[in-house]
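S.K.: structure of the sequence below:
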Amino acid sequence: MKNFLLAVDDTKSSIRTCEILIEVLGGCLPGQVVLLYVEKMEGGSVMDDLLLSDSEISTLKESLQGTEHQELMDKKARKILEYHAECLAEKGIHSVKKIIRAGHPAEEIMAVAEEEQVGLIVMGSRSQRLHNMVMGSVSREVANNAKIPVLLLR
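M.R.: Residues are numbered from 1 along each chain as shown. Alright, predicted model coming up:
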């Protein structure tokens, strides 16, 4: 099997996605799993896409560098990646590349998929319909805009 990207976050849905993926793979091990965690640079507001431009997000990233807040975000990201890497290792998947990015999650997921030349993006989908209608969905945005296949797991 070709390499694939597994996007994870700090939700129970992400843990379940990793478990389901392991079940689905069975004995068919990928060449490498690119395990990605994106530190979201905007809040939970419906208006975020309208309020923060790419240059503003870039400025925010630069201003956070070297701060205690950034160190805490990075520590959290490393813990989440390590947890998922251990889950994969327990099932025989040892070739894992861990990546931390900061920015808009859907954009970063698609950018890393292209950079790492993976053949598939795997991610969870919470499927809370009202939430998706009002606030949008990272999984929906990736599924609609990715140049490669996307596997959404619930």
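
S.K.: CA only for contacts and neighbour counts going forward, please
M.R.: Will do.

S.K.: could you look up the next helix or strand downstream of the lowest-mean-pLDDT helix or strand in the chain?
M.R.: Ranked by mean pLDDT, DSSP states H and E, the weakest helix or strand in the chain is helix 129-135, scoring a mean of 45. Going down the chain from helix 129-135, the next helix or strand is helix 138-145, by DSSP states H and E.

S.K.: that next one packs against which elements?
M.R.: Helix 138-145 sits against helix 105-115, strand 150-153, with contacts defined as 3 or more CA pairs under 8 Å, 6 or more residues apart in numbering; DSSP states H and E.

S.K.: may I see the buried residues of it?
M.R.: 138-139, 142-143 (16 or more other CA atoms under 10 Å).

S.K.: what angle separates that helix from helix 105-115?
M.R.: 50 degrees (axes from the mean of the first three to the mean of the last three CA atoms, to 10 degrees).

S.K.: quick one on the thing from earlier: got the buried residues of helix 138-145 as a markdown table, with distance to residue 37 and pLDDT columns?
M.R.: Below are these laid out as a markdown table (distance: CA to CA, whole Å; pLDDT from 0 to 100):
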| residue | distance to residue 37 | pLDDT |
| --- | --- | --- |
| 138 | 13 | 88 |
| 139 | 14 | 89 |
| 142 | 15 | 94 |
| 143 | 17 | 92 |
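
S.K.: this structure: strands as residue ranges?
M.R.: Here the chain has its strands, by DSSP state E, at 4-8, 33-40, 96-103, 121-124, 150-153.

S.K.: distance between the first one and the chain's centre?
M.R.: It refers to strand 4-8. Relative to the chain's own centre, strand 4-8 is displaced by 6 Å; criterion: CA atoms, centre = their mean, to the nearest Å.
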